[in-house]
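J.: just to be clear, the model below is a prediction. Sequence and coordinates:
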Amino acid sequence: MDKLLIEGGARLSGEVAMSGAKNAALPILCASLLCAEPMRFSNVPQLNDVSTMLRLIAQMGVTVTPGGEDGLILDSQGLDNPTAPYDLVKTMRASILVLGPLLARCGEAKVSLPGGCAIGARPVDQHIKGLQAMGAQIRVENGYIHATAARLKGARIVTDMVTVTGTENLMMAAVLADGETVIENAAREPEVVDLANCLIAMGARIKGAGSDNIMIQGVERLHGASHSIMPDRIETGTYLCAAAVTGGQVRLTNTSALYVDSVLQKLREAGCQVSAERDAIELVAPARLKAVSIRTSPYPAFPTDMQAQFMAINCVAEGTAVIRETIFENRFMHAVELIRLGADIKIEANNALVTGVAHLDGATVMATDLRASASLVIAGLIAQGETLIERIYHLDRGYERIEQKLTSLGAKVSRVR
Ligand code: EPZ
């Protein structure tokens, strides 16, 4: 298994381009199941999760053709196997996003229940409840969701909590349903809006995406379209944290400050100067950050996917920070690894108390999930000496060419096979 070797101490500086958003690409690739005409995608990130999703869709009978720079053409005219097998779903929970489109397009779906994962149980009861409200017959047996529906019917759905992929699954199911669907308590994440924009380009009738109340008027069929994946706001926040903690100065391009207000606000509170242009963000960091407390919440509040990265930068900041994780029940796995590097962190239930120390010391640490591994990279950049991060397949799921991008900013990072 690959490892990442980091020699701490380099101050990050320079310019690097961000990639397309993983959490927009995954649902949007599933939208291609909804119509029998080719879909053209650009700015698709080259990530393991994206290739897993493409393998999953291809085994259903969809043809996948590379289409130029970061481009893809998906044609689901030949879709004849509405099944998502366990061996693929167990490696990527987002596979659940095929359930809504398959039901809408084929009237049936057999999708392996996604197992839990490191950060929590992550059930899909809201996805199932919403589809049942639209008339789907669903039974769960032998680890699979078996769903059928002659034609889904529009319904008013209120999810018990804000769920990003739940909202996305129900929106994709609703675009071909008979009648109007209203999703209340909907997720407001920008990736939901990007998916809605792609569906609208395919002929769907959707209003209110980005608000907590989304109205979808079902249509008979959708047509092919082209769509460029929105920039990755979590990759953007991750590189801003890496620059901030090393006292660096960076310019991130092919991104947008539109969707990271809560993160930029916290970086300014920590002492950084942050300026935003239409498709670029510049950050100038102080010699040492001030500790900033955070509380994760659904968009537009502070994103849970940036919690681990902010824990890392707080490890060497001046003062004490309280980090409260309200979305997932077990998303502090990175804390024990950061403590191995010398951090002072106390965990109590879903709160972490981080007291900044003068410096961290390199060590061998283990990645446990995608964003936890990002926090270990950030810590390794400022730890004295060498840090070796094991199990970085987690990292490769969500960060395209991370060692190349960090090296281009002056970091001393190399992949050890
Ligand atoms: C999406 O996961 C993202 N993944 C996650 O990013 C992100 O952390 C999460 O949203 C929250 O923003 C993708 O978009 C592919 P949820 P999702 O449904 O949709 C509970 C990353 O690092 N819940 O919004 O699975 C759930 O357990 C990943 O890129 C139910 O109880 O998250 C959680 O506590 C990690 N029942 C909360 O709701 C359900 O049916 C929010 O989960 C659905 C969710």
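T.: Great, that's in hand.
J.: next one, pLDDT for residue 116 please.
T.: Model confidence at residue 116, given as pLDDT, is 66.
J.: offset the numbering so it begins at 611, please.
T.: Taking 611 as the first residue, the last one we looked at is residue 726.
J.: for the nearest residue to residue 656 once chain neighbours are set aside, list the residues it contacts.
T.: Closest residue in space to residue 656, ignoring its immediate chain neighbours: residue 1010 at 5.2 Å, by Cβ to Cβ, 6 or more residues apart in numbering. For glycine as for every other residue, the C-beta is placed from the backbone atoms N, C-alpha and C. Going by Cβ atoms under 8 Å, 6 or more residues apart in numbering, residue 1010 touches 629, 655, 656, 657, 845.
J.: who touches the third one in this structure?
T.: When you say that, I think you mean residue 656. Contacts of residue 656 by Cβ under 8 Å, 6+ apart are 629, 680, 1010, 1011.
J.: those residues in helices, which ones?
T.: Using DSSP state H, no member of the contacts of residue 656 sits in helices.
J.: now for these: which two are most distant?
T.: Farthest apart among the contacts of residue 656 by Cβ to Cβ are 680 and 1011. That separation is 11.7 Å.
J.: the stretch 811-960 of the chain against the ligand: which residues are in contact?
T.: 914, 915, 937, 938 (Cβ under 6 Å from any ligand atom).
J.: okay if I get the residues you listed as JSON lines plus distance to residue 867?
T.: Below are those laid out as JSON lines (distance: Cβ to Cβ, whole Å):
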{"residue": "914", "distance to residue 867": "20"}
{"residue": "915", "distance to residue 867": "17"}
{"residue": "937", "distance to residue 867": "23"}
{"residue": "938", "distance to residue 867": "26"}
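J.: in which helix or strand does the nearest residue to residue 690 once chain neighbours are set aside reside?
T.: Nearest residue to residue 690 in three dimensions, chain neighbours excluded: residue 671, at 4.3 Å (Cβ to Cβ, 6+ apart). Using DSSP states H and E, residue 671 sits within no helix or strand.
J.: pLDDT wise, what is residue 671 at?
T.: 97.
J.: and for the one 10 residues further on?
T.: For residue 681, the pLDDT comes out at 89.
J.: do I have it right that it meets residue 654?
T.: Yes: in terms of Cβ atoms under 8 Å, residue 681 counts as a neighbour of residue 654; the distance is 6.8 Å.
J.: so those two - more neighbours on which side?
T.: Using other Cβ atoms under 10 Å, the more surrounded residue of residue 681 and residue 654 is residue 654, with 26 against 15.
J.: tell me the contacts of that one?
T.: Per Cβ under 8 Å, 6+ apart, neighbours of residue 654: 630, 635, 660, 680, 681, 682, 839.
J.: ditto for residue 616
T.: Applying Cβ under 8 Å, 6+ apart, the residues near residue 616 are 972, 987, 990, 991, 993, 996, 997, 998, 999, 1021, 1022, 1023.
J.: tell me which of these fall in strands.
T.: 996, 997, 998, 999, 1022, 1023 (DSSP state E).
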